[in-house]
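In: only geometry, no sequence info:
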């Protein structure tokens, strides 16, 4: 299962718990990238730029999105490149878009200092701009859409588990 969605929508938190519940492996593409670059994405982003980061992200998504009994939490911008969307849509993969409004995300991320694209004067405006750009791409790649809104993590994990069960993939 591959989880896509805006920064702060719950991909890593819910994905980790879902994988534990299912006995599957969990992979966070951003954590893998940070391991590869030997530091934080934020610092790399500032030093090397977004394009260079997206190149590394593309290689990571290609490698990590192989079908199997795993949950992959992708970075919020992973859908921006066509190659990433194609890798996610490989036969055997199931992509879930965890959808949250910019307003809900703003509440969740108001104290976050690690997401480079949100280190701006008006983070809500930035989230709205990112949402307008990315929502159609998330929908394009998704097999399922789950609104996270103000959903608790346990409820979100149950919703994801039910989607897997409905798709015949949970066992």
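Out: Ah, there it is. Since the model is a prediction, treat every value here as computed from it, not as a measurement.
In: Assign residue 9 to helix, strand or coil.
Out: Three-state call for residue 9 (DSSP: H, G, I helix; E, B strand; the rest coil): coil.
In: Determine the number of other residues adjacent to it.
Out: Neighbours of residue 9 under the rule other C-beta atoms under 10 Å: 28. Using the backbone N, CA and C atoms, a C-beta is placed for each residue, glycine as well.
In: Check whether it really touches residue 102, as I assumed.
Out: No: look at residue 9 against residue 102 with C-beta atoms under 8 Å: they stay out of range, at 10.7 Å.
In: hmm, who's touching the helix or strand hosting residue 52?
Out: Assigned by DSSP states H and E, residue 52 belongs to helix 50-64. For helix 50-64, contacts defined as C-beta atoms under 8 Å, 6 or more residues apart in numbering pick out 27, 29, 32-33, 36-37, 41, 44-45, 72, 74-75, 77-78, 80-81, 83-84, 87-88.
In: Just the buried ones from those residues?
Out: Buried by 16 or more other C-beta atoms under 10 Å: 27, 29, 32-33, 37, 41, 44-45, 72, 74-75, 77-78, 80-81, 84, 87-88, out of these.
In: Just give me how far stretch 99-106 sits from the chain centre.
Out: 14 Å (C-alpha atoms, centre = their mean, to the nearest Å).
In: isn't residue 70 right up against residue 18?
Out: No: judged on C-beta under 8 Å, residue 70 makes no contact with residue 18 at a distance of 10.5 Å.
In: What about the closest residue to residue 101 other than its chain neighbours, how many residues nearby?
Out: Closest residue to residue 101 apart from its sequence neighbours, by C-beta to C-beta, 6 or more residues apart in numbering: residue 149 at 7.1 Å. The number of residues packed near residue 149 is 12, by other C-beta under 10 Å.
In: Could I get the phi/psi values of residue 149?
Out: Main-chain torsions, residue 149, degrees, to the nearest 10: phi 40, psi -120.
In: What residues does it make contact with?
Out: Shown in contact with residue 149 (C-beta under 8 Å, 6+ apart): 100-101, 104.
In: any idea how far residue 10 is from residue 152?
Out: Relative to residue 152, residue 10 is positioned 10 Å away (C-beta to C-beta, to the nearest Å).
In: Brilliant, that's me finished.
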